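Trainee: take a look and give me a structure for this.
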Amino acid sequence: MTSGCMIDVQGVSVPVGVEALLFEGLSFALGAQKVGLVGRNGVGKTLLADVLAGVREPRAGRVLRHGRVGYVPQGSTPLDLGTLIDGLGVGPQIRALLRVYGGDERAGDVELIADDWGLEARVRSLLEELGLSYLELEQPMASLSGGETARIALGREFLKEPDFLILDEPTNHLDAAGRAAVHALVKRRKIGMLIISHDRALMDLMERILELSPQGLNVYGGNYAAYAEQKAAERAAAEASYERARLDERAARRQVQEQREALEQKRAQGKHKKHKTGMTKMERDALKARSEKTQGRVQQQGKRALDDAAEAKKAAWAALESVSVARMELPSCGLPAGKQVLRFEDVSFAYPDGRAVIEGLSFSLVGPQRLALGGNNGSGKTTVLRLAMGVLEPTRGFVRRGAQRVAYLDQCVAWLRQEKTVLEQLQACHPNLNAEACYHGLARFLFHRDGAHRQVGALSGGERVRLGLACLLLAETVPQLLLLDEPTNHLDIASVESIEQALVDYDGALLIVSHDETFLKRVGVESTLSLRRG
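Mentor: Residues are numbered from 1 along each chain as shown. From the prediction side, this is the model:
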């Protein structure tokens, strides 16, 4: 194993299904650097993380680990469902410490402490780093939010003081404060890490980016911003290469045509010459044979040149597709610049049990404005979207909707029917569209002929969001206001960038709940309405 190497991957292959390999012959090393792992959904990032952590064995090759490798899988929850210190994996030790400090020592307490007398201080310091210092040590885990639980799972692994740490989507479902705490913790800890994430602010803290694709693993020096620049340069080079290949194919066709015309002209001249000079039959046959042989050779050369040019163009197109960001074409909603699409007037909302979520909220959205709803988890952001849509009615105040049509896209696109095909789902939403109009509309959202017959249940997260947008925006009346609830959760970065591009081109108003600051900035959000719990 190389000096300073924590994980050495040697010729690793991992299967998917019975025979097919998801990736094959991967070799690379991970040391003290912070490394980001990116790639499209379904390419095998989580599977590779499982292999690196020893959760799953490769079919071929081996993984050598030096020191302790920690792993926090996506959606990980602490194994113990007791209190917070149980969730951190140190419940018995902390309780023993507190008993000793309180003069109530029991048999075995000193053995439990195992000379780690600074454990309580480390736990409290870690909670501070995680932005959870307001929690009590014996607070029940069941009382914590999903974001708080996710940070406890992360803290549990940090307390074990690993030499190398693998994190799979550590900021998913975290609010802005939670993300900031995780970013700071990752930046502060001086250990090697491999992080899978669509959080580009987190990936900008990386020192190297690994890109996993069906073709293998590519290594890029620098953080995500540097990687994005290199990918943009690759796209520009691929576009130039494809354009050259396209022009070369056109030139090859033109040259073959010119050669064909020259041969026809020469053959016509030969016929005229034969009649004029009175050649014998033997001479005429010999001339004809030479002419046919020449024509055959030229035709064969022309076909080979055309085949080579077509193959080069096909390869250049494949290379371009592999680095391109998919671009959707959204229909226009024709929203006038000064039109008020939404207004909240002193709106309050409480559930039947009396629990108040929103109190005295007033704001308006005019023309194609883009507004983000900010605030910690539980502050009522999704409730505001449901009030805006009309799914909920305010307990006090008024919600005015001036948009021609309002559409709501939740983060899971839960209303899609798993058993339907993409085409059937669109037809179910818009029975007035004929099959050809559906095919044409779906192609604008990157579901081409074959893609239209895929089953919804087999779609990736990014494809589900694209289908959701297609169902909402291909209506006879295009919505002038889109309500989006965490539209980029669970998506790979390429899918997020595709959704960003589509929303940049959308000419209606947006009201968005998202903790992804990079996403909000890129879709042109002009201001943020921050909510506080209660």
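
Trainee: how about the helices of the stretch 51-200 of the chain, start to end?
Mentor: Taking DSSP state H, counting those that start in this stretch as the criterion, the stretch 51-200 of the chain contains helices spanning 84-87, 91-101, 109-113, 119-129, 146-159, 176-188, 200-203.

Trainee: what about the nearest residue to residue 98 once chain neighbours are set aside, distance to residue 498?
Mentor: Counting by CB to CB, 6 or more residues apart in numbering, residue 98 lies nearest to residue 120, which is 7.4 Å off, once chain neighbours are set aside. For glycine as for every other residue, the C-beta is placed from the backbone atoms N, C-alpha and C. The span separating residue 120 from residue 498 equals 48 Å under the rule CB to CB, to the nearest Å.

Trainee: higher neighbour count, those two?
Mentor: residue 498 (22 against 17; other CB atoms under 10 Å).

Trainee: was I right about that one contacting residue 330?
Mentor: No: with contacts defined as CB atoms under 8 Å, residue 498 does not count as touching residue 330, sitting 11.8 Å away.

Trainee: just to be sure, residue 510 is in a strand?
Mentor: Yes: residue assignment for residue 510, taken from DSSP: H, G, I helix; E, B strand; the rest coil, places it within a strand.

Trainee: just grab the bridge partners of it for me.
Mentor: When bridges are assigned using DSSP bridges, the partners listed for residue 510 are residue 370, residue 482.

Trainee: the bottom helix or strand of the protein by mean pLDDT?
Mentor: Sorted by mean pLDDT, DSSP states H and E, the helices and strands of the chain end with helix 281-323, the least confident at a mean of 73.

Trainee: tell me the helix or strand right after it.
Mentor: strand 340-350 (DSSP states H and E).

Trainee: avg pLDDT for that next one?
Mentor: Model confidence over strand 340-350, given as mean pLDDT, is 95.

Trainee: the helix or strand just after it pairs with which strands, parallel or anti?
Mentor: Where DSSP H and E defines the elements, the next helix or strand beyond strand 340-350 is strand 356-366. Each strand that pairs with strand 356-366, with its direction, by DSSP bridges: strand 340-350 (antiparallel).

Trainee: next one: the strand or helix carrying residue 437 to chain centre, how far?
Mentor: Residue 437 belongs to helix 435-444 when elements are defined using DSSP H and E. Centroid separation between helix 435-444 and its chain, computed with CA atoms, centre = their mean, to the nearest Å, is 25 Å.

Trainee: what's the first-to-last distance across stretch 182-193?
Mentor: 13 Å (CA to CA, to the nearest Å).

Trainee: what does stretch 37-45 give?
Mentor: Separation of the first and last residues of stretch 37-45 by CA to CA is 7 Å.

Trainee: burial measure for residue 300, as a count.
Mentor: As a burial measure, residue 300 scores 10 neighbours (other CB under 10 Å).

Trainee: for stretch 502-509, what is the average pLDDT?
Mentor: Mean per-residue pLDDT for stretch 502-509: 90.

Trainee: show me how far that stretch is from its chain's centre.
Mentor: 19 Å.

Trainee: ok, and what's touching it?
Mentor: For stretch 502-509, the surrounding residues in contact (CB atoms under 8 Å, 6 or more residues apart in numbering) are 328-330, 332-335, 341-342, 365-371, 403, 469, 473, 478-482, 510, 522-524.

Trainee: going through those residues, which ones are buried?
Mentor: The neighbour-count criterion (16 or more other CB atoms under 10 Å) marks 328, 330, 333, 335, 341-342, 365-366, 368-371, 403, 469, 473, 478-482, 510, 522-523 among the contacts of stretch 502-509 as buried.

Trainee: rank the helices of the stretch 51-200 of the chain by mean pLDDT and give me the bottom one.
Mentor: Comparing mean pLDDT across these, the lowest value falls on helix 109-113: a mean of 87.

Trainee: mind listing residues that contact that one?
Mentor: When contacts are defined by CB under 8 Å, 6+ apart, helix 109-113 is touched by residues 92, 93, 96, 97, 99, 100, 119.

Trainee: next SSE downstream of the helix holding residue 437?
Mentor: In the C-terminal direction, the helix or strand that comes right after helix 435-444 (DSSP H and E) is helix 461-473.

Trainee: number of residues surrounding residue 53?
Mentor: Residues near residue 53, counting by other CB under 10 Å, number 21.

Trainee: surely it is in contact with residue 68?
Mentor: No: distance between residue 53 and residue 68: 11.0 Å, which falls outside the contact criterion (CB under 8 Å).

Trainee: what packs against the lengthiest helix in the chain?
Mentor: Counting residues, the longest helix in the chain under DSSP state H turns out to be helix 224-277. With contacts defined as 3 or more CB pairs under 8 Å, 6 or more residues apart in numbering; DSSP states H and E, the packing partners of helix 224-277 are strand 34-38, helix 200-203, strand 208-213, strand 216-221, helix 281-323.
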